[in-house]
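Novice: quick one, what's the 3D model for this:
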Amino acid sequence: MSPSRGSVCSPRLWRPWGPRKRKSIASTNFAVRARIWSPDFYNALTYFELWTEGFINLIEEKGVLTRAEVEARAAEIKDRLKRTA
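Specialist: So this is what the prediction gives:
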């Protein structure tokens, strides 16, 4: 049964401004990039490192953030975690 027009699940309630205008990033893009990496590079990384590397490459290619911006933010988070530990 589909949600009614006034249902909590209705996109009109949680997205009243209409459809999203940003570009979407599909996970299939990660698989395509994984084929480009050398076998040595691919085998040296863990599952999560591969996804992180692929995601950084993708958002850099799409013009969302640069690698330097991502690395700077990651350094800020590491420093904050060290201070609170």
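
Novice: tell me how far G63 lies from E53.
Specialist: 18 Å (C-beta to C-beta, to the nearest Å). (C-beta placed from N, C-alpha, C; glycine too.)

Novice: low-confidence ranges, the protein, go.
Specialist: For the chain, the stretches flagged by pLDDT under 70 are 1-34.

Novice: ok, now with 90
Specialist: 1-39, 41-43, 45, 47, 49-62, 85 (pLDDT under 90).

Novice: the more surrounded of G63 and E53?
Specialist: More neighbours surround E53 than the other of G63 and E53, with 18 against 8 (other C-beta atoms under 10 Å).

Novice: my read: the more buried one touches L45, true?
Specialist: Yes - counting by C-beta atoms under 8 Å, E53 touches L45, with 6.6 Å between them.

Novice: now L45. Its backbone dihedrals?
Specialist: Note on L45: its backbone torsions stand at phi -100, psi 150 [degrees, to the nearest 10].

Novice: mind listing what it touches?
Specialist: E53 (C-beta atoms under 8 Å, 6 or more residues apart in numbering).
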